[in-house]
Structures are given as structure tokens and as C-alpha cells.
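Student: structure, please.
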Amino acid sequence: MQSSDTDLNQPMSVGEFFGLVTLAAIIGVCHLAYTSYIGYRLFELRGGIQQRSLNGWFERAPISKAWTCPVHLPGGLLFAMGEAARHGDHLDPFDPIGGLAVLAGSFFAGWATSSIIQSLLLRRRPALGRYLWRLWLAVFCWGWILVPVQMSFVYQWTVRY
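Tutor: A predicted model of the protein is given here:
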């Protein structure tokens, strides 16, 4: 059996694995910054935040839906559960877990994107996957969906606290 110059089934080396993890972490941090900034702007455009004076005070407007990134939905669900079960002003146990889920979602988006980049650079496997599944996964990770406002990541750090 003849082998081509690029073996598609060759396992990843240790260096390539650490390169993938490092690139995923860097892109994951970029994803978190992207979702924070764009999410804030989308929240503002929907009318969720309104500036009330010239000195920079902001006020929450009553909206029922907000935009969030799909990979942050597990964290958003935990945030919403925590808000429903919350008593007083103390931190509920769902908030730290929800925060970790948001970080994990951004790291997952970083992994999905870095996997495509690494596949394109190393040419070891089909870069976009069969039926372009890697591309669709990356689009899903960086996209936006409309959810109840309590499940929005931006709502947690702008309005709730």
C-alpha cells in the first residue's frame, strides 16, 4: 500500500497537541473578549442599558430577551437558575459554576477554531471535516442567539451585579 506525502491518519505529536491547546486557550480568551464587547453592544442596542446622565450613569431598561453566544448557554442556564433561587444579596452557589461554564464555552470555541487552523497548516486531515462539520461548529460557537435576559452573559455583569 502506497502512502501519500500527507498521511491523514497519522496521530498528533506531543508538540502539535500542546500547540493546539495553546492556540485554543489564546483564541478562547479572544472569544470571551469578543462576546463581552459585542454582547454589551447588542444588549445596549436592544434597549437593555440606557445612559441617563452625562456623568456616565447607566440604567437597566426592562427587556425580556437578550443576545448571547450559544456556547455560553450552559453558564446562562446556571445563572438563571441561581437568580430564581437567590435569597437576598448573597452570592448563590450557581454563579461560580455558571462562570466556569462560560469560560469552558469560550475555551471550546477556541478549540473548534484552532482545530481548523491547525488542520489547514498541517494538512493531516480534511481541514473542514466531512460535510464541513468543523466549519459549522466554529460558526455555531461564534454566532449569537436570542434568549431570556436572565440567561445572557452580559446581563450577569452589567445589570445583576
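Student: where's residue 158 relative to residue 39, distance?
Tutor: Relative to residue 39, residue 158 is positioned 9 Å away (Cβ to Cβ, to the nearest Å). All C-beta spots, glycine's among them, are computed from the backbone N, C-alpha and C.
Student: who has more neighbours, those two?
Tutor: residue 39 (22 against 19; other Cβ atoms under 10 Å).
Student: can you tell me the helix or strand for that one?
Tutor: Using DSSP states H and E, residue 39 sits in helix 14-45.
Student: tell me which other helices or strands that helix touches.
Tutor: Applying 3 or more Cβ pairs under 8 Å, 6 or more residues apart in numbering; DSSP states H and E, one finds that helix 14-45 contacts strand 65-68, helix 94-122, helix 133-142, helix 153-155.
Student: quote the end-to-end distance of stretch 47-64.
Tutor: 10 Å (Cα to Cα, to the nearest Å).
Student: equivalent analysis for stretch 63-75, please.
Tutor: Stretch 63-75 has an end-to-end distance of 20 Å (Cα to Cα).
Student: go ahead and name everything in contact with it.
Tutor: For stretch 63-75, the external contacting residues (Cβ atoms under 8 Å, 6 or more residues apart in numbering) are 31, 35, 39, 42-43, 46-48, 76, 98-102, 104-106, 108-109, 140-149, 151-155.
Student: cool, stretch 30-47 as well?
Tutor: Under the contact criterion Cβ under 8 Å, 6+ apart, stretch 30-47 has outside partners 49, 61, 63, 65-69, 71-72, 102-103, 106, 109-110, 113, 141-142, 144, 152-155, 157-158.
Student: good, wrapping up.
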